[in-house]
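Trainee: okay, sequence plus prediction incoming.
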Amino acid sequence: MNAARAAAMLCGLLLCAAAAHAQDATEPEGYPAPGEVLVDRDFGVDTREFGLDRRVEMYQWRQHEGGYERVWNAAPIDSGGFAAGHENPPELPLENRRWWADHPMLDGHPMDADVLRSLGEWRVLQPNFSRLPANLAASFQPEGEGLGSAENPLDPQIGDVRVSWRELVLPPLAGKVSLREGVWRRVAQANASADPNPAAAAAPAREKGHAQRMWPLFGGGLIAIIAIVVATRRRRERRGR
């Protein structure tokens with residue numbers, strides 16, 4: 001009976017240690033998921049990544065030393081003090097907008113918004129515009145990586161608009177995030193840049209992750225051995241009676 005109690009206590013301790021060890025396993029193992037599809041409903045453009053950015057530029061006059069030049073600009077240029085014949089529209093016909101994934105997840109836990117904003121990388125998105133509304137299809141045509149309102153893209157006029165999109169992707173997050181209080185948060189920049197040799201820093205992280213995955217197997221094997229020992233002793237005690 002004493003052996004059985006000791007074995008039960010040891011099993012309990014092992015299970016508690018395993019639970020604590022699992023909580024300390026802060027390296028991500030799976031792939032992040034953004035959640036819902038992000039959609040620019042004005043143009044029917046969507047992405048399954050972690051962010052969607054719409055950039056609107058208008059062809060405008062800009063004053064510079066010695067005269068004026070025509071440029072694409074993402075904000076209205078005030079032409080109130082410009083010479084006659086150099087008037088700009090007072091505002092852009094469309095606004096620049098950005099959408100973020102509301103509920104990004106990694107290994108079943110939410111990700112802090114700072115992970116997306118600090119570690120995410122913007123890349124060009126080239127939509128097929130199959131869902132472009134009819135009213136916009138009458139005003140825009142494919143131009144470069146997006147859409148443009150110029151009748152001749154090689155000769156735009158003041159007030160013409162062009163629109164392009166980008167999507168936010170995440171790089172591999174091992175060593176860049178840690179699980180704290182049930183949320184994946186960005187590792188402090190000081191810690192991330194402490195080791196000038198990233199390859200050397202990545203090796204211990206991989207070894208740690210491997211040990212975290214193997215530890216429950218070792219614990220389970222030890223519990224099985226204890227159970228066999230206890231059963232053997234009980235059989236011997238019964239035979240002795």
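Mentor: Yep, that arrived.

Trainee: which residues touch W99?
Mentor: Under the criterion of Cβ atoms under 8 Å, 6 or more residues apart in numbering, the neighbours of W99 are L38, V39, D40, G51, L52, D53. Where you see a C-beta, it was placed from the backbone N, CA and C, and this is true even at glycine.

Trainee: mark which of those are buried, thanks.
Mentor: Buried subset of the contacts of W99 (neighbour count, 16 or more other Cβ atoms under 10 Å): L38, D40, G51, L52, D53.

Trainee: just give the closest residue to the last one, not the sequence neighbours.
Mentor: Which is D53. Closest residue in space to D53, ignoring its immediate chain neighbours: R166 at 4.4 Å, by Cβ to Cβ, 6 or more residues apart in numbering.

Trainee: and the one you found, what does it touch?
Mentor: With contacts taken as Cβ under 8 Å, 6+ apart, R166 has the following neighbours: L52, D53, R55, W122, R123, V124, L125.

Trainee: what does F43 give?
Mentor: Listed by Cβ under 8 Å, 6+ apart, the contact set of F43 reads R54, P127, F129, R131, L132, P133, L136, L147, V163.

Trainee: looking at the residues you listed, which is nearest H103?
Mentor: Among the contacts of F43, R54 lies closest to H103 (Cβ to Cβ), at 21.3 Å.

Trainee: top of the contacts of R166 by neighbour count?
Mentor: Using other Cβ atoms under 10 Å as the neighbour definition, the contacts of R166 reach their maximum at L52, which records 23 neighbours.

Trainee: tell me the contacts of that one?
Mentor: Neighbouring residues of L52 by Cβ under 8 Å, 6+ apart: L38, V39, D40, V45, D46, R98, W99, L125, W165, R166, E167, L168.

Trainee: 7 Å instead, please
Mentor: Residues counted as contacts of L52 (Cβ atoms under 7 Å, 6 or more residues apart in numbering) are L38, D40, W99, W165, E167.

Trainee: using JSON lines, please lay out those residues together with secondary structure, pLDDT and distance to S118.
Mentor: Shown next, in JSON lines, are those (DSSP: H, G, I helix; E, B strand; the rest coil; pLDDT from 0 to 100; distance: Cβ to Cβ, whole Å):
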{"residue": "L38", "secondary structure": "strand", "pLDDT": "98", "distance to S118": "19"}
{"residue": "D40", "secondary structure": "strand", "pLDDT": "97", "distance to S118": "24"}
{"residue": "W99", "secondary structure": "strand", "pLDDT": "98", "distance to S118": "18"}
{"residue": "W165", "secondary structure": "strand", "pLDDT": "98", "distance to S118": "22"}
{"residue": "E167", "secondary structure": "strand", "pLDDT": "99", "distance to S118": "17"}
